[in-house]
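Chemist: Dropping a prediction and its sequence here:
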Amino acid sequence: QEADEFFRTTCGLAPIHDNHPAIEIVVDDPSPRRRNCAAWIPGTCRVHVGIADKTSFQSSLTNVDTMTHELGHAITHYFSSMWMTYGQTKALNETTSDIFAVTAQHKRNNTPADKANWNFAEGSLIGATEGSSLRSLSSPGAAFKGHKVLGDDGQVAHMDNYVSDVWGMFELKKMQWSRN
C-alpha cells in the first residue's frame, strides 16, 4: 500500500491504472522458483512474493523497498518500451526499479539525497560477512560480501564490466565460484 501511494502521490503514476489490468500480489508463493524471491510477472499482471528461508533472507519479502521495486517493474512495463528480460534493457529495467525503491525510502524517511545511504532493501540479507542490502546504488558491487549462498555482490559498477550474454555471465559466475 505504501508503494502504491508513493507512485500515485510522488511520481504521479499509478501501477494499478484504470486503463490496465489490476495487479494481483501473491504473497508466500510456495513454488520453489519463488523461494527467496519477489518478481513482477507481466503476462499475469502479478507480483509473486516467495517465502524467505530465514537463513539467507529475512522472514518477509513484502517489505516496502521490495514491493516498490516490483511495482516499479509494472510502471516500466506499462509506461515504456523498456520491458525486456535480457541484456542491457533488463539491466536498465532493474536499475529503474531500484531507483524507485530507494527514492521512496528517502521520501518516507524525509532524507535528503546527499544524506541518504542509497542501499536497496537494507537489512533483507542474512548470512553475509559484510553488508545486508541487496544492492548499493552509491557503491555498486559493495552491498554484501561473503554471503554463504550468493558469495559477493556481483553488481557491476561500470559498463566495462557488464556481461551482455548468458554464456558470458556463466563464465563470470564460474570465475567467482572458483575464487571462493
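Modeler: Everything's here; your move.
Chemist: residues near His158, how many?
Modeler: 8 (other Cβ atoms under 10 Å). Quick note: C-beta positions are derived from backbone N, CA and C, even for glycine.
Chemist: low-confidence ranges in the protein?
Modeler: Scanning the chain for pLDDT under 70 picks out the ranges 14-21, 29, 32-34, 59-61, 81-87, 163-180.
Chemist: gap between the longest helix along it and the chain center?
Modeler: Scanning the chain for the helix with the most residues, using DSSP state H, yields helix 87-109. Offset of helix 87-109 from its chain centre (Cα atoms, centre = their mean, to the nearest Å): 7 Å.
Chemist: What strands flank the helix or strand following that helix, and is each parallel or antiparallel?
Modeler: For helix 87-109, the succeeding helix or strand toward the C-terminus, using DSSP states H and E, is strand 119-120. Sheet pairing here is set by DSSP bridges, and for strand 119-120 it gives strand 135-136 (antiparallel).
Chemist: which outside residues touch the strand it pairs with?
Modeler: Strand 135-136 is contacted from outside by Asp98, Trp118, Asn119, Phe120, Ala121, Ala142, Ala143, Asp153, Gln155, using Cβ atoms under 8 Å, 6 or more residues apart in numbering.
Chemist: Return the closest of those with respect to Ala38.
Modeler: Ala121 (9.5 Å; Cβ to Cβ).
Chemist: hang on, the closest one packs against His69?
Modeler: Yes - the criterion here is Cβ atoms under 8 Å, and Ala121 meets it with His69 at 7.5 Å.
Chemist: Give the residues shared as contacts by those two.
Modeler: Ala101.
Chemist: Name whatever forms a beta bridge with the nearest residue to Thr62 once chain neighbours are set aside.
Modeler: The spatially closest residue to Thr62, leaving aside those adjacent along the chain, is Val49, at 5.5 Å (Cβ to Cβ, 6 or more residues apart in numbering). When bridges are called by DSSP bridges, Val49 pairs up with Val27, Ala38.
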